[in-house]
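J.: Generate a structure from the sequence data that follows.
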Amino acid sequence: MLFGQSVFQSVVERLERENESDLPEETSRSGSTINSFSASLVFETATQEPLAANRHLDSYLGFIEHPVAHAAPEPEPEIMPPHLEKTALSDVSDELAINDKDTLETLSEKRRNFARLNHPDMVNPQFRENANLRMKAANLLIDQAIRFIAR
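T.: As a prediction, the model looks like this:
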């Protein structure tokens, strides 16, 4: 290895020397070959500003109109369904219409039908608190009716 050369350059030179000795003399290197390891190609630009390179592109694209993104109108807030506004125990009792002729089957059916319309997981998250209150009241009333029947 010669001083001032990297390990890579010294290995390349050694390989070139070995390659030259293996070739017959008539196919030996001609004067027109270029050593690609030592050749370099550098392009110089007129300016070092990165924005200057896009100046022509900007002048070309400057005439194109870009669509303006219109903001989507905000949806109006949902209105609470009227049945969810009634959270009093008496209102829920009137809706269930529990009477002394109800059986376990009819009470279970009333519970399922009420839950289908009022379960907190089935309504808008804004109205879940009211739906939860209504379900608690309905379950309380139906459980009391079932206890009354069981006597």
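
J.: Can you dump the C-alpha atoms of the top helix by length along the chain in CSV for me?
T.: Ranked by number of residues, the top helix in the chain under DSSP state H is helix 128-150. Provided in CSV are the C-alpha atoms of helix 128-150 (Å, rounded to 0.1, in the frame of the first residue of the first chain):
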residue,chain,number,x,y,z
ARG,A,128,-76.6,7.9,26.6
GLU,A,129,-77.1,9.3,30.0
ASN,A,130,-80.8,9.7,29.5
ALA,A,131,-81.1,6.3,27.9
ASN,A,132,-79.2,4.8,30.9
LEU,A,133,-81.6,6.4,33.4
ARG,A,134,-84.6,5.1,31.4
MET,A,135,-83.2,1.6,31.3
LYS,A,136,-82.5,1.6,35.1
ALA,A,137,-86.1,2.7,35.7
ALA,A,138,-87.5,0.1,33.4
ASN,A,139,-85.5,-2.7,34.9
LEU,A,140,-86.5,-1.6,38.4
LEU,A,141,-90.2,-1.6,37.5
ILE,A,142,-90.0,-5.0,35.7
ASP,A,143,-88.0,-6.6,38.5
GLN,A,144,-90.6,-5.4,41.1
ALA,A,145,-93.4,-6.8,38.9
ILE,A,146,-91.6,-10.2,38.6
ARG,A,147,-91.1,-10.3,42.4
PHE,A,148,-94.8,-9.5,42.9
ILE,A,149,-95.8,-12.4,40.5
ALA,A,150,-93.4,-14.8,42.3
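
J.: just checking, what packs against that helix?
T.: Counting by 3 or more C-beta pairs under 8 Å, 6 or more residues apart in numbering; DSSP states H and E, the packing neighbours recorded for helix 128-150 are helix 82-85, helix 89-96, helix 104-118. In this view, the C-beta of every residue, glycine as well, is placed from N, C-alpha and C.

J.: Residue 84 contacts residue 132, correct?
T.: No: Residue 84 lies out of contact with residue 132 (C-beta atoms under 8 Å); the separation is 10.2 Å.

J.: which one of those two has more residues nearby?
T.: Between residue 84 and residue 132, counted using other C-beta atoms under 10 Å, residue 84 has the larger neighbour count: 19 against 16.

J.: Just want the angle from the longest helix of the chain to helix 104-118.
T.: 180 degrees (axes from the mean of the first three to the mean of the last three C-alpha atoms, to 10 degrees).
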